[in-house]
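>>> I'd like to go over a predicted model; first the sequence, then the structure.
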Amino acid sequence: MKKNLFLIFLFSILSYSITAQVSLTLKAGYGTYYMGDVKEFQKAALGQSSLPGNTYKIYFGYLTTGGRISLADYSGKWNYDMLLNGFQTGVHWSQPIKTINKFHIDGFVDFGVICSMLNMIDYIRVYEESAQNSQLFFAYGLNVQPGFEAVYKMSHFDIGCYLGLEIDMSTNFYLNGNSDYILGIRDNNYTGPSWTGIRTGIQISYTLGKHN
């Protein structure tokens, strides 16, 4: 599993305050994912590493990563893919630290829940014959992300950047349709996601109504 991957966060953020402002925010950035359990599962099961003023908002987020093992020769090909997606929602709280005209530096904390989906796809082809099998696993958890954001505020648009550390606390993966089947290398050594890592990038917001 790659430790450092480029990712895109698409956040639709509903911002509310005393004046009931509403804003939509798009974030694009870079992040690192720990994914220690998933890497260990790949190595053990497959025998080798893979390829690589106090504001409250409601946010929605999407995270993605993946890995592949592939072998091929004149007789055929074998691929083993692990595709992992995360869906987040929660509350974004920010507190102003420094304001210089329209330039704001804020501290923030995100509190939320996350649903992780792991799709494992096993494909093999020998000469003209081929077969594919896939299994879908789920995990659920909580996440918290403290950090800082620097934002230039205009009448309707904001543009800025952010830096944070996300900490993920999720359950182990279980098979879709059978919660008793838990993914793992062996008994008492189960596999779960870990989205824990650094988050940084840029953000653009549009606010319905002028800022306070």
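It's in.

>>> host element of Arg125?
strand 103-126 (DSSP states H and E).

>>> continuing past that strand, what's the next helix or strand?
strand 129-153.

>>> I'd like to check the angle between that next one and strand 103-126, please.
Relative orientation of strand 129-153 with respect to strand 103-126: 180 degrees, computed using axes from the mean of the first three to the mean of the last three Cα atoms, to 10 degrees.

>>> Can you tell me how far the residue most central in space within the chain is from Asp110?
Centrality entry for the chain: nearest residue to the mean C-alpha point is Leu63, 2.8 Å, by Cα atoms, centre = their mean. Per Cβ to Cβ, to the nearest Å, Leu63 is found 13 Å from Asp110. Just so you know, the C-beta spots here come from the backbone N, C-alpha and C atoms, and that holds for glycine as well.

>>> Then Tyr80?
Tyr80 is 34 Å from Asp110, by Cβ to Cβ.

>>> Over to Asn119?
26 Å.

>>> Which of those two has more residues huddled nearby?
Asp110 (21 against 15; other Cβ atoms under 10 Å).

>>> quick one: pLDDT of the more buried one?
Model confidence at Asp110, given as pLDDT, is 92.

>>> OK, contacts around it?
Residues near Asp110 by Cβ atoms under 8 Å, 6 or more residues apart in numbering: Tyr59, Gly90, Val91, His92, Trp93, Asn143, Val144, Gln145, Gly147, Gly164, Glu166.

>>> ok, 10 Å please
57, 59, 61, 88, 90-94, 143-147, 164, 166, 199 (Cβ atoms under 10 Å, 6 or more residues apart in numbering).

>>> How is Trp195 assigned, secondary-structure-wise?
Look at Trp195: counting by DSSP: H, G, I helix; E, B strand; the rest coil, its state is coil.

>>> If we ignore the residues flanking it in sequence, what's nearest it?
Asp168 (4.0 Å; Cβ to Cβ, 6 or more residues apart in numbering).
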